[in-house]
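Visitor: Need coordinates for the below:
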Amino acid sequence: MIKLEIANENRYGHRNTVEVPHWDRWDTRMPDVKDQLRAIDLYNKSGAVSKSDFVRARILGESFKVITVDKSAVEYYRKLSELTAQVHRIGTNYNQVVRLMHLIGSTAHRGVVPGIYLQEI
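Guide: Below you'll find the predicted structure:
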């Protein structure tokens, strides 16, 4: 068996070693084209970073996310994004008006209104 050295050291300065089996490479074959296409489709839907992560999760029974796109909800998300952007613009305009009102209120008692010229009708 191969010995794996663990990075931490004990109090005498010796590295700790652990014996582990050497199974770092596995090869598989899928001669049936339907199985190949199904595996590729599952991998694409899984959102896994690499094929080895996908296979490891499948073999060890780990859960992973399956990403699907609902075509009927795309228009809803687009409208929702537009509405969110409009609310953001309204909030920005509101903040600008409030700041201007505070500026006018703080300088009005001195008779100075910067950048605004008031005219009587």
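Visitor: check which helix or strand covers Asp41.
Guide: Secondary structure assignment for Asp41, by DSSP states H and E: helix 33-46.
Visitor: Now do that helix, average pLDDT.
Guide: If you average the pLDDT over helix 33-46, you get 87.
Visitor: Remind me which helix or strand Ser52 belongs to.
Guide: helix 51-60.
Visitor: tell me the mean pLDDT for that helix?
Guide: On average, the pLDDT along helix 51-60 is 83.
Visitor: Would you mind writing the CA trace of the helix holding Asp41 as PDB?
Guide: Once non-C-alpha atoms are left out, helix 33-46 reads as follows in PDB (Å, rounded to 0.1, in the frame of the first residue of the first chain):
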ATOM      1  CA  VAL A  33     -24.900   5.200 -27.700                       C
ATOM      2  CA  LYS A  34     -28.200   5.700 -25.800                       C
ATOM      3  CA  ASP A  35     -26.400   5.400 -22.500                       C
ATOM      4  CA  GLN A  36     -23.700   7.800 -23.600                       C
ATOM      5  CA  LEU A  37     -26.200  10.400 -24.600                       C
ATOM      6  CA  ARG A  38     -28.200  10.000 -21.400                       C
ATOM      7  CA  ALA A  39     -25.000  10.400 -19.300                       C
ATOM      8  CA  ILE A  40     -24.000  13.500 -21.300                       C
ATOM      9  CA  ASP A  41     -27.500  14.900 -20.800                       C
ATOM     10  CA  LEU A  42     -27.400  14.200 -17.100                       C
ATOM     11  CA  TYR A  43     -24.000  15.800 -16.800                       C
ATOM     12  CA  ASN A  44     -25.100  19.000 -18.600                       C
ATOM     13  CA  LYS A  45     -28.200  19.300 -16.400                       C
ATOM     14  CA  SER A  46     -26.200  18.700 -13.200                       C
END
